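*Asks:* From the sequence below, what's the structure:
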Amino acid sequence: MDKENANPIVEVGSKRDASIFGAVPSTDAAAAGASEAAAAGGSQIPTGWDPYDPVPYVPPRTPTTPPWRTHGTRSGSDVGSNEEEKDVKTRQVLRRLQVGQYISYFSKGVYRCPFCTRRLGATDFNCLVTHAENISNTFPNVGTTVNVHSFRAKHGALGMHLRSFQRVEIAAGRMPPLKPKAPKGSKSNKWRQSQMG
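*Replies:* Numbering: from 1, shown residues only. Alright, predicted model coming up:
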């Protein structure tokens, strides 16, 4: 047994490697045959292609956002400071209000905020609407465990829901119509005097 055939190590890309695995060695004749076949339209192999040349890795096109940041699988407390995320949270809470998830907070003429831990005292409807709209338009002082943007989004949804509820009740005649608000500025005293009489 000669030394050349007894060597178990085979160099990749050599003619001997090609003969072991039954592949066609990369020669000029093979390249010419491939180009003739490509010209005839019988093969999809490009001209001068060598099966032993390394192919560069091209990563697949994937979204740049990580999978844990998708909008469909987020919980309610994961809302960040982004305005889009605030809008998503507002829509989620508005849907919950519309299906009646928080209906126990608006019964027997006493209205409570379902999102605040402290009670607003004997709150009527207009006070709750004012509370919800004020919190949604400002940055309230809340604890470190509460997400401020989520807190504002919830109150914004509550304000929208109560305003639409108020329009329905006024149209049905179950609630008195709204009085116009006094305009801001120095002319508000004149406006009040004209309204009084």
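*Asks:* Break the chain down into its structural domains.
*Replies:* Structural domains assigned to the chain are 3-40, 77-178, following automatic domain parsing.
*Asks:* what mean pLDDT does the first one have?
*Replies:* Over the span of domain 3-40, the pLDDT mean works out to 53.
*Asks:* again with the last one
*Replies:* Confidence for domain 77-178, expressed as mean pLDDT, is 79.
*Asks:* Look up how far Pro177 lies from Thr117.
*Replies:* Relative to Pro177, Thr117 is positioned 34 Å away (criterion: C-beta to C-beta, to the nearest Å). Bear in mind the C-beta positions are built from the backbone N, C-alpha and C, glycine included.
*Asks:* How about Gln166?
*Replies:* 10 Å.
*Asks:* cool, Thr138 as well?
*Replies:* 28 Å.
*Asks:* What of Tyr102?
*Replies:* Counting by C-beta to C-beta, the gap between Tyr102 and Pro177 amounts to 26 Å.
*Asks:* Over to Leu128?
*Replies:* Applying C-beta to C-beta, one obtains 18 Å for the distance of Leu128 from Pro177.
*Asks:* Comparing the two, which residue is more hemmed in?
*Replies:* Set Leu128 next to Pro177 and count neighbours by other C-beta atoms under 10 Å: Leu128 wins out with 20 against 9.
*Asks:* Alpha carbons of stretch 166-173, in PDB - could you do that?
*Replies:* Taking only C-alpha atoms (Å, rounded to 0.1, in the frame of the first residue of the first chain), the coordinates of stretch 166-173 have been written out as PDB:
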ATOM      1  CA  GLN A 166     -73.000  61.900  27.800                       C
ATOM      2  CA  ARG A 167     -74.000  62.700  24.200                       C
ATOM      3  CA  VAL A 168     -76.200  59.600  24.000                       C
ATOM      4  CA  GLU A 169     -77.900  60.400  27.300                       C
ATOM      5  CA  ILE A 170     -78.500  64.000  26.300                       C
ATOM      6  CA  ALA A 171     -80.000  62.900  23.000                       C
ATOM      7  CA  ALA A 172     -82.300  60.400  24.800                       C
ATOM      8  CA  GLY A 173     -83.400  63.100  27.300                       C
END
